[in-house]
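>>> Here is a sequence with its predicted model. Questions after.
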Amino acid sequence: MKRLKSAPSRARRVALRGAVALAAGMGLVAATGGTAHAVPVRLDYPLSGVTHLQGTGSDLALGPGVLEATADLKAGTMSALTKLPPAPGSFKMLGAIPVSVTTEFIEPEPTIGTIDLKTGAVKSTTKLTLRLKDLRVAGIPTLVGSRCQTEVPAVLELASEPGFNPIKGGKLSGTYTIPKFEHCLLATPLINLVIPGAGNTVTLTLGQAAQPPKP
C-alpha cells in the first residue's frame with residue numbers, strides 16, 4: 001500500500017496561495033497588455049533588517065516585523081504598512097561612556113512605491129518617526145519623557161537589490177538622514193549632539209510573501 005503524503009502545513013498553504021495570487025495578478029496584466037482593471041493584490045512579507053547609525057557608529061537590529069503590502073499590478077504601484085517592534089541598542093559615547101536606548105518606529109503614513117512589472121524590481125519611500133525610551137548613560141537611567149522623538153519623520157528611500165523577487169522576497173537597501181529630536185527633557189541637547197545626521201544606511205530583508213490571515 002502506498003503511503004499517503006502528509007498535507008502541507010498551514011503556513012505553506014498560505015504562502016502558496018499568496019504566490020498564486022500575485023502570479024495570477026501579474027499574468028492578468030501581461031496577458032491583456034495592461035488594459036484590464038487588475039484587482040489589487042494584498043500580501044504580507046516577514047520583515048527584518050539592520051541599520052547602521054553614522055552618528056553613534058553602531059548597528060541596530062530591526063525586526064522581526066511585517067510589511068503589509070497592497071500592489072496595483074496595472075499601475076505598477078504599491079502601498080504598505082511597515083510594522084517593526086521596538087529595537088534596543090547600545091553604543092559608546094566619546095568612545096568610552098556606555099549608552100543604551102530603545103528606539104520605537106512610528107509610521108505616520110503608509111509606505112509608497114513602484115514595481116517594475118518586467119523585472120520585479122521595487123523602489124519605495126518610507127517615513128518613520130523615531131521615538132526613544134529607556135535611555136541609560138553609564139548604566140544610569142536618564143529621563144527622556146514619553147514624547148522624545150524626531151521633530152519630523154526620517155525619510156527612507158529604498159531600492160531592491162539584485163535577486164529580489166516579488167513572491168520570494170529579497171533585500172531592500174538605502175540611506176537616510178535622522179532629524180533632530182525634541183521633547184526629550186534635559187537629555188535633548190545630548191541626544192542631538194550624538195544621534196541626528198546623514199549617512200545612515202539600512203538593509204531590510206523581506207521573506208516569502210503570503211496572503212494575510214483571514215479575520
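Structure's in. What do you need?

>>> Paired strands for the strand or helix carrying M78, with orientation please.
Using DSSP states H and E, M78 sits in strand 77-83. Strands that pair with strand 77-83, judged by DSSP bridges, come out as strand 58-72 (antiparallel), strand 111-115 (antiparallel).

>>> Please name the residues that touch L84.
47, 62-63, 65, 105 (CB atoms under 8 Å, 6 or more residues apart in numbering). C-beta coordinates here come from the backbone N, C-alpha and C atoms, glycine included.

>>> on that earlier part again, mind exporting the strand holding M78 as PDB, just the C-alpha atoms?
The C-alpha trace of strand 77-83 is given here as PDB (Å, rounded to 0.1, in the frame of the first residue of the first chain):
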ATOM      1  CA  THR A  77       2.400  50.800  -7.700                       C
ATOM      2  CA  MET A  78       2.300  49.600  -4.200                       C
ATOM      3  CA  SER A  79       1.500  50.900  -0.700                       C
ATOM      4  CA  ALA A  80       2.400  49.200   2.600                       C
ATOM      5  CA  LEU A  81       2.300  49.400   6.300                       C
ATOM      6  CA  THR A  82       5.700  48.800   8.000                       C
ATOM      7  CA  LYS A  83       5.300  47.200  11.400                       C
END
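
>>> SS state for N192?
Put simply, N192 is helix when judged by DSSP: H, G, I helix; E, B strand; the rest coil.

>>> on that earlier part again, let me have the strands paired with strand 77-83 in JSON lines, extended by distance to F181, mean neighbour count and mean pLDDT.
Formatted as JSON lines, the strands paired with strand 77-83 follow (distance: least, CB to CB, whole Å; neighbours: other CB atoms under 10 Å; pLDDT from 0 to 100):
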{"stretch": "strand 58-72", "distance to F181": "15", "mean neighbour count": "18", "mean pLDDT": "96"}
{"stretch": "strand 111-115", "distance to F181": "23", "mean neighbour count": "18", "mean pLDDT": "96"}
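
>>> Out of these, the one nearest T205 is which?
strand 58-72 (8.3 Å; CB to CB).

>>> Do I have it right that G145 meets H183?
Yes - the pair G145 and H183 passes the contact test of CB atoms under 8 Å, sitting 5.9 Å apart.

>>> confidence score at the residue nearest the centre of the chain?
Residue closest to the average C-alpha location in the chain (CA atoms, centre = their mean): T82, at 5.1 Å. With respect to pLDDT, T82 scores 94.

>>> Next one: it from A198, what distance?
As judged by CB to CB, to the nearest Å, T82 and A198 stand 21 Å apart.

>>> same check, this time on E104
22 Å.

>>> which one of these two has more residues nearby?
Using other CB atoms under 10 Å as the criterion, E104 and A198 rank with E104 on top: 16 against 10.

>>> show me what contacts that one?
86-87, 130-133.

>>> which residues does the nearest residue to L132 once chain neighbours are set aside contact?
Distance criterion CB to CB, 6 or more residues apart in numbering; nearest residue to L132, sequence neighbours excluded, is C148 at 4.7 Å. By CB under 8 Å, 6+ apart, C148 lies in contact with 131-133, 135, 181-185, 187-188, 191.

>>> Return the subset of the residues you listed lying in helices.
Among these, the ones falling in helices (DSSP state H) are 188, 191.

>>> lowest-confidence helix or strand of this protein?
The helix or strand of the chain with the poorest confidence is helix 10-31; it has a mean of 43 (mean pLDDT, DSSP states H and E).
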